[in-house]
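Colleague: Quick one: sequence and predicted model below, then my questions.
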Amino acid sequence: MLFGERGAVGFMPANHEGTEIGFFSGFEVRERERGGWEVFEGDKKGLKGMLGERFLDGGEWNGLVRELCGKCREDLVAWPQFAIPRLDSWLSPQKRVIVIGDAAHAMPPSGGQGAATALEDAETLAYAFTFIFSKKRPGDPEPDEILRSWQNHRIERVKKITDFTNESSALRKPSSSRLQRVIKELVIRMFFMVGKMGRGKRWLYGYDAVEESFDQGKK
Ligand SMILES: Cc1cc2nc3c(=O)[nH]c(=O)nc-3n(C[C@H](O)[C@H](O)[C@H](O)COP(=O)(O)OP(=O)(O)OC[C@H]3O[C@@H](n4cnc5c(N)ncnc54)[C@H](O)[C@@H]3O)c2cc1C
């Protein structure tokens, strides 16, 4: 990822051989209805124009970014990002409906956590069900209590992850100060270097669904 005065760009190999490169960049544009977004995405010339304005009409971007932008295919896609407002409950009053994944907490993709949290929800909920349907011992919590405990644990974790995601989104916004841009690059380099060494953000990537979820079975 590179950070410039006019925003950020990220690129990665898009096939196994590395002969195709995919890249993305976030833009702040006005809100639209569904139809408006379809028109926005259908206007391939307009999308390419936006890229050109950011990456070609200014001398600051390095050659690779400028080359990618100049040579990219015409079928650019636009992904409007939405987030679900924070919900107080993922359970219906009768506990007959439970929402998980994006239905409960869709978040922008800038932290790469949407599918990850959806899988965590599913795994931890499976443990909750196992506990509910396993043979009950006297004094074991009631199903309602188990589900509420599961929900509270998940809501708390997803809140922390959403905060991390929002920080990631903020990093990618345009910044006019050169110092700020240098700091952003250092922050992201550190993030990946520390991650490579197997340290850092262990709370995020080292989540153990059995150990860290409510694990009522142990109580
Ligand atoms: C650009 C982008 C990049 C992303 N990058 C990452 C990443 O790096 N890491 C990460 O962890 N996450 C990432 N995500 C997020 C991730 O894709 C989502 O969080 C994840 O797909 C959510 O899974 P889900 O099963 O909750 O919902 P979905 O994947 O939306 O699945 C819901 C399914 O239900 C179906 N459905 C809807 N209504 C009905 C109905 N009435 N009847 C039957 N079926 C129905 C839909 O067709 C869909 O198949 C990214 C998302 C985007 C857009």
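Modeller: Great, that's in hand.
Colleague: Let me see the domain layout of this structure.
Modeller: 2-71, 102-218 (automatic domain parsing).
Colleague: which stretch in these has the least confidence?
Modeller: Here the lowest mean pLDDT among the domains of the chain goes to domain 102-218, at a mean of 86.
Colleague: For the protein, what lies in contact range of the ligand?
Modeller: Near the ligand, the residues belonging to the chain are 79, 101, 102, 103, 109, 112, 113, 114, 115, 116, 118 when assessed by CB under 6 Å from any ligand atom. Just so you know, the C-beta spots here come from the backbone N, C-alpha and C atoms, and that holds for glycine as well.
Colleague: Now the buried members of those.
Modeller: 102, 109, 113, 114, 118 (16 or more other CB atoms under 10 Å).
Colleague: now, which of the residues you listed sits nearest residue 71?
Modeller: Nearest to residue 71 among those: residue 109, at 24.6 Å, using CB to CB.
Colleague: Partner strands of the longest strand seen in the chain, with direction?
Modeller: In the chain, taking DSSP state E as the definition, the longest strand is strand 7-13. Pairing partners of strand 7-13, with direction, according to DSSP bridges: strand 2-4 (antiparallel), strand 21-24 (antiparallel).
Colleague: hang on, the earlier thing: would you turn the domains of the chain into TSV with distance to residue 86?
Modeller: Formatted as TSV, these follow (distance: least, CB to CB, whole Å):
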stretch	distance to residue 86
domain 2-71	19
domain 102-218	7
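Colleague: circling back: pull the residues that contact the longest strand of the chain.
Modeller: Strand 7-13 is contacted by residues 1-2, 20-27, 54-55, 61, 64-65, 68, 171-174, 184 when judged by CB atoms under 8 Å, 6 or more residues apart in numbering.
Colleague: what about 6 Å?
Modeller: If you take CB atoms under 6 Å, 6 or more residues apart in numbering as the criterion, strand 7-13 is touched by 1, 2, 21, 22, 23, 24, 25, 65, 172, 174.
Colleague: For residue 97, see how far away the last one is.
Modeller: Residue 174 sits 42 Å away from residue 97, going by CB to CB, to the nearest Å.
Colleague: When those two are compared, which one has more neighbours?
Modeller: residue 174 (15 against 9; other CB atoms under 10 Å).
Colleague: residue contacts, the more buried one?
Modeller: Counting by CB under 6 Å, 6+ apart, residue 174 has contacts 6, 7.
Colleague: Next, the distance between the ends of stretch 101-116.
Modeller: Stretch 101-116 has an end-to-end distance of 9 Å (criterion: CA to CA, to the nearest Å).
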